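Visitor: Below is the structure, and that's it, no one-letter string:
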């Protein structure tokens, strides 16, 4: 998680709840996407086959990799926005 300013207990609880909700949503999307991609709609066996298992492993790995890349990009963008706001605030403080 990115460095957060000092948060009170209720704000921290909200941040934690949002993070859990986001991860739960991501897990649901990943599960649905990988199931749709890797498991045929007509079940022939009661067990997952080797090809299906490999497909699921790769699908999940790709999903997590993209999730991490997007998270890092968003964190970088957030840091840039924060720096820009600080710079604007400093400039406004000097011109007043």
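Guide: Right, received. Where do you want to start? Just so it is clear, the structure is predicted and the values come from calculations on it, not from any experiment.
Visitor: Could you tell me the phi and psi values at residue 39?
Guide: In terms of degrees, to the nearest 10, the main-chain angles of residue 39 are phi -110, psi 120.
Visitor: Likewise for the one 3 residues further on?
Guide: In terms of degrees, to the nearest 10, the main-chain angles of residue 42 are phi -100, psi 110.
Visitor: Next: the one 4 residues further on.
Guide: In this entry, residue 46 is assigned phi and psi values of phi -80, psi -20 (degrees, to the nearest 10).
Visitor: Residue 41 now?
Guide: phi -70, psi -20.
Visitor: contacting residues around it?
Guide: By Cβ atoms under 8 Å, 6 or more residues apart in numbering, residue 41 lies in contact with nothing. In short, each C-beta sits where N, CA and C put it, glycine included.
Visitor: Next one: it, what pLDDT does it get?
Guide: We have a pLDDT of 88 for residue 41.
Visitor: what's the pLDDT at the spatially most central residue of the chain?
Guide: Computing the C-alpha centroid of the chain and ranking residues by Cα atoms, centre = their mean puts residue 67 first, at 4.9 Å. Looking at residue 67, its pLDDT reads 89.
Visitor: same thing with residue 56?
Guide: 96.
Visitor: Please, which helix or strand holds it?
Guide: For residue 56, the enclosing helix or strand under DSSP states H and E is helix 50-95.
Visitor: Where does pLDDT dip in the protein?
Guide: 1-6, 94-96 (pLDDT under 70).
Visitor: switch the cut-off to 50
Guide: 1-2 (pLDDT under 50).
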